[in-house]
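Visitor: Next input, structure requested:
(chains A and B)
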Number of protein chains: 2
Amino acid sequence: MKILVLGGDGYLGWPTALHLSRRGHDVGVVDNFARRHYDLEMGVDSLVPVSTLHHRIRMWREVSGLSIASFIGDLTDAGFVTRTVEAFRPEAVVHFAEQRSAPYSMIDQKHAVYTQVNNLVGTLNLLYAIADVDPSIHLVKLGTMGEYGTPNIDIEEGFIEITHRGRTDLLPYPKQPGSFYHLSKVHDSHNIQFACRIWGLRSTDLNQGIVYGQETDETVLHPDLATRFDYDGVFGTVLNRFCVQAVVGHPLTVYGKGGQTRGMLDIRDTLACVELAVDNPPASGEYRVFNQFTESFSIEQLARMVIEAYPGPAEISRIDDNPRVEKEDHYYRAAHTKLLDLGLVPHLLNQGTISSLLSVADRHRDRVDPAAIRPTVNWRKTASALVTASPTEEEAADSIDA
Amino acid sequence: MKILVLGGDGYLGWPTALHLSRRGHDVGVVDNFARRHYDLEMGVDSLVPVSTLHHRIRMWREVSGLSIASFIGDLTDAGFVTRTVEAFRPEAVVHFAEQRSAPYSMIDQKHAVYTQVNNLVGTLNLLYAIADVDPSIHLVKLGTMGEYGTPNIDIEEGFIEITHRGRTDLLPYPKQPGSFYHLSKVHDSHNIQFACRIWGLRSTDLNQGIVYGQETDETVLHPDLATRFDYDGVFGTVLNRFCVQAVVGHPLTVYGKGGQTRGMLDIRDTLACVELAVDNPPASGEYRVFNQFTESFSIEQLARMVIEAYPGPAEISRIDDNPRVEKEDHYYRAAHTKLLDLGLVPHLLNQGTISSLLSVADRHRDRVDPAAIRPTVNWRKTASALVTASPTEEEAADSIDA
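Guide: Coordinates of the predicted model:
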């Protein structure tokens, strides 16, 4: 199958492209390198060194004998999107190409507006391009479990049957997202559902949990095929961050009570889920939602699991002043049966997985910038000082003392 | 009270500004004249001639002795928004300043993207400005009943209590909007609710029905105070259009089966509702939704009421090929008690109201452009020919024949 992976230079886009390529699909990647730009802006970097896209594509050909086409451009450029879809003529488009950090979207007005405009306009342009070029193209769109927030009832997969005053309807599940980034995904979901309705497009919206892990069956074939590993306060995800903190002897920072519970999954399951979605497309006009995660954990639980797996000493440091506005102790139960029904066999989180993450962190411990880990974006403020890797005054003073 | 009316040069913004001014409030208006620009783009015009904003403000001072401040600029310019809020220091902001036509948003990719970016970014900038300058400012935001779509259960006011698998929560009412314009309002609603949660802002989201009418107690004081009357296929609302069609002897065009049912209200009730919202602000951090309409009618019912009220002959012409994608025969029952509870006394739709609309249309019948009435935007197509007042080929041929 011809598959276009948007955001194919990113943390998940790149390993997804490799995985689909290895499975025999004809893969093209699209990227504008926005993710690498954010690193430059924040003064941070992936813990694991990441080669350029062009180099990685060459290495993949050397290692596997398989070709991946690349299209460099921006989805907010409608002409570029249509030309790319016309040139590659994909049967499926896997869309990772959005600004995906909640803290980044909460830095200030400029970053909130950037996140929503970038994500919405890119997806709108894509919907128009698919409708114009070939409405049968299957759009596999990455959404997030964060679209639902933390309601006091069970979360269903995209839709919920509501009986109200004696009448019943199946309606979109109510959304309570927790950042301008998460809001952008909710906006996308509504736009995509509408496009399916009016133009007969077909789309799978993957409401993904928090992904952990860095190695996949394909990326381990050569060091130059590695994908990103983010641990910083803006783009780092929680389990990666805890592993890095343990390795460098920094307490594991738990915001608030630590009862915040989220759906999570192994990076290898992301690839498997995308593949299952691609292999089993919905009908024409159908908009379907899969909740893409395998287990739920509280932040506190994750910290304790890392401490248990880490061979050295490690401890939790509680940051009472939670930089986010979120419930710290809440009900959480979310359906996630549709991908299992399609055949997903999850990699569950165990000591082995955490040990392998710890060893990735350990191999690159000399690249860790401790200043990058602390949270610098506060949900309650309308403007945060831009996150940089430069030392705080206190750290600078320490360094003078030393 | 100091009140800033955004979009104060528009159909509802202008009469709202006058009404609040006459009620003793200190009113400022903000506009970028986008609405007049759309007319130039489409080659259409308000049936009733509309003076410039500056002239109308001068006339209002002559007629009433009251001053209205004006701020000319674009809400997508964050600096302008913050400076305006800082300069005027309103206690309430009434926000009409969005692209408000569903067909306009459905013309093509450019107009869809314009509508969503314009509406979202303007509102985001406003939220940031309020949070920065004074979080106690009450944001009265115009939403639309079209955010809900036409579910098979009763529509509630913004939130619905859902009991699911033995647990209960009060959640945002599921949204099923029917155009990229309506979607932009859904996106706004989510963004505003979030801003109230994280920054403690206070907001009333007025989910307004379709407004009819053109004269208010203030605009009738002088012809130069008149507000717009739109009857064209893109910006015209249904009852206005039917009245113009009756007056010029054109059949009343009903799309599809005509069973499409919508909440509606008199323009004078819009002013009363906004005033009630402003006079009764929500608590800090509260996001509340009022369904702002007084009666529901099907399109067919409205056409029959106009035919009954019109003294001459008039008939319905059914356009089987509905240009919109919408249910043409559906359940519709929506709560609208919150504004009544605050004291709204509605002007219900009767023969008198329709007769007064017919007489507005009749006074300006020489300004009617029949070519502007027909629907030119089709929901099923990704690109519609731009609506213009130039004759169709058929009409041009007719004119040669004559």
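
Visitor: Going by C-alpha atoms from here, please, whenever you check contacts or count neighbours.
Guide: Fine.

Visitor: hey, where'd the strands end up in chain A?
Guide: Using DSSP state E, the strands found in chain A span residues A:2-6, A:26-31, A:68-72, A:92-95, A:138-144, A:159-164, A:167-172, A:202-208, A:210-212, A:252-255, A:261-266, A:287-292, A:295-298, A:316-319.

Visitor: can you put those strands in JSON lines and add mean neighbour count and distance to chain B?
Guide: As requested, the strands of chain A are exported to JSON lines (neighbours: other Cα atoms under 10 Å in any protein chain shown; distance: least, Cα to the nearest Cα, whole Å):
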{"stretch": "strand A:2-6", "mean neighbour count": "24", "distance to chain B": "20"}
{"stretch": "strand A:26-31", "mean neighbour count": "23", "distance to chain B": "21"}
{"stretch": "strand A:68-72", "mean neighbour count": "17", "distance to chain B": "22"}
{"stretch": "strand A:92-95", "mean neighbour count": "24", "distance to chain B": "19"}
{"stretch": "strand A:138-144", "mean neighbour count": "25", "distance to chain B": "15"}
{"stretch": "strand A:159-164", "mean neighbour count": "17", "distance to chain B": "6"}
{"stretch": "strand A:167-172", "mean neighbour count": "15", "distance to chain B": "5"}
{"stretch": "strand A:202-208", "mean neighbour count": "25", "distance to chain B": "15"}
{"stretch": "strand A:210-212", "mean neighbour count": "22", "distance to chain B": "21"}
{"stretch": "strand A:252-255", "mean neighbour count": "22", "distance to chain B": "16"}
{"stretch": "strand A:261-266", "mean neighbour count": "22", "distance to chain B": "18"}
{"stretch": "strand A:287-292", "mean neighbour count": "24", "distance to chain B": "13"}
{"stretch": "strand A:295-298", "mean neighbour count": "17", "distance to chain B": "19"}
{"stretch": "strand A:316-319", "mean neighbour count": "15", "distance to chain B": "19"}
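
Visitor: Need the ones you listed in CSV (columns: mean pLDDT and distance to residue A:365).
Guide: Shown next, in CSV, are the strands of chain A (pLDDT from 0 to 100; distance: least, Cα to Cα, whole Å):
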stretch, mean pLDDT, distance to residue A:365
strand A:2-6, 98, 31
strand A:26-31, 98, 29
strand A:68-72, 98, 32
strand A:92-95, 98, 32
strand A:138-144, 98, 30
strand A:159-164, 98, 44
strand A:167-172, 98, 45
strand A:202-208, 98, 29
strand A:210-212, 96, 18
strand A:252-255, 93, 16
strand A:261-266, 97, 22
strand A:287-292, 98, 31
strand A:295-298, 97, 26
strand A:316-319, 93, 19
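
Visitor: what's the closest of these to residue A:59?
Guide: strand A:68-72 (10.6 Å; Cα to Cα).

Visitor: Not counting residues beside it along the chain, what's closest to residue A:334?
Guide: Nearest residue to residue A:334 in three dimensions, chain neighbours excluded: residue A:155, at 4.3 Å (Cα to Cα, 6 or more residues apart in numbering or on different chains).

Visitor: my guess is the one you found contacts residue A:335, does it?
Guide: Yes. With contact defined as Cα atoms under 8 Å, residue A:155 counts as touching residue A:335 (6.0 Å).

Visitor: So these two - more neighbours on which side?
Guide: residue A:155 (22 against 15; other Cα atoms under 10 Å in any protein chain shown).

Visitor: returning to what we had before: would you format the strands of chain A as a markdown table with distance to residue B:227 included?
Guide: What follows is the strands of chain A, written out as a markdown table (distance: least, Cα to Cα, whole Å):
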| stretch | distance to residue B:227 |
| --- | --- |
| strand A:2-6 | 47 |
| strand A:26-31 | 48 |
| strand A:68-72 | 49 |
| strand A:92-95 | 46 |
| strand A:138-144 | 43 |
| strand A:159-164 | 41 |
| strand A:167-172 | 38 |
| strand A:202-208 | 44 |
| strand A:210-212 | 52 |
| strand A:252-255 | 54 |
| strand A:261-266 | 52 |
| strand A:287-292 | 42 |
| strand A:295-298 | 56 |
| strand A:316-319 | 56 |
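
Visitor: what's the closest of the ones you listed to residue B:277?
Guide: Taking these one by one with Cα to Cα, strand A:159-164 is closest: 27.7 Å.

Visitor: on contacts alone, who are the packing partners of the closest one?
Guide: Packing contacts for strand A:159-164, counted by 3 or more Cα pairs under 8 Å, 6 or more residues apart in numbering or on different chains; DSSP states H and E, involve strand A:167-172.

Visitor: Each with direction, which strands does the strand it packs on pair with?
Guide: strand A:159-164 (antiparallel) (DSSP bridges).

Visitor: quick one: the partner strand to strand A:287-292, angle?
Guide: 110 degrees (axes from the mean of the first three to the mean of the last three Cα atoms, to 10 degrees).

Visitor: for the residue nearest to residue A:200 when sequence neighbours are not counted, what are its contacts?
Guide: Closest residue to residue A:200 apart from its sequence neighbours, by Cα to Cα, 6+ apart: residue A:285 at 3.7 Å. With contact set as Cα atoms under 8 Å, 6 or more residues apart in numbering or on different chains, residue A:285 has these partners: A:196, A:197, A:199, A:200, A:201, A:202, A:203.

Visitor: taking these one by one, which sit in helices?
Guide: Among those, the members falling in helices are A:196, A:197, A:199 (criterion: DSSP state H).

Visitor: Which ones, among those residues, also lie beside chain B?
Guide: For chain B, the contacts drawn from those by Cα under 8 Å from any Cα of the partner chain are residue A:199.

Visitor: with the ones in helices among the contacts of residue A:285 in mind, which one is nearest to residue A:221?
Guide: Nearest to residue A:221, judged by Cα to Cα, of the ones in helices among the contacts of residue A:285 is residue A:196 at 39.0 Å.

Visitor: That closest one - how many residues pack around it?
Guide: Neighbourhood size, residue A:196 [other Cα under 10 Å]: 20.

Visitor: Now do the contacts for residue A:20.
Guide: So residue A:20 contacts A:26, A:27, A:275 (Cα under 8 Å, 6+ apart).

Visitor: what would those residues look like in TSV with distance to residue A:142?
Guide: As requested, the contacts of residue A:20 are arranged in TSV below (distance: Cα to Cα, whole Å):
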residue	distance to residue A:142
A:26	20
A:27	18
A:275	13
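
Visitor: ok so, going back, tell me the one of the contacts of residue A:285 nearest chain B?
Guide: residue A:199 (5.7 Å; Cα to the nearest Cα).

Visitor: what two of the contacts of residue A:285 have the greatest distance between them?
Guide: So, these by Cα to Cα: farthest apart are A:199 and A:203, at 11.6 Å.

Visitor: Kindly state the beta-bridge partners for the nearest residue to residue A:142 once chain neighbours are set aside.
Guide: Spatial nearest neighbour of residue A:142, excluding adjacent residues (Cα to Cα, 6+ apart): residue A:206 at 5.0 Å. Note on residue A:206: beta-bridge partners residue A:142, residue A:290, judged by DSSP bridges.

Visitor: my read: residue A:206 touches residue A:291, true?
Guide: Yes. In terms of Cα under 8 Å, residue A:206 counts as a neighbour of residue A:291; the distance is 6.1 Å.

Visitor: so who does the most centrally placed residue in chain A touch?
Guide: The geometric centre of chain A, computed from its C-alpha atoms, lies nearest to residue A:100 (Cα atoms, centre = their mean), at 6.0 Å. By Cα under 8 Å, 6+ apart, the residues touching residue A:100 are residue A:181.

Visitor: how far away is it from residue A:273?
Guide: Note on residue A:100: its distance to residue A:273, by Cα to Cα, to the nearest Å, is 19 Å.

Visitor: Then residue A:40?
Guide: 31 Å.

Visitor: tell me, how many neighbours does residue A:120 end up with?
Guide: Neighbour tally, residue A:120, other Cα under 10 Å: 25.

Visitor: can you count the residues close to the residue lying closest to it once chain neighbours are set aside?
Guide: The shortest distance from residue A:120 to any non-neighbouring residue, by Cα to Cα, 6+ apart, is to residue A:188 (6.0 Å). Neighbourhood size, residue A:188 [other Cα under 10 Å]: 25.
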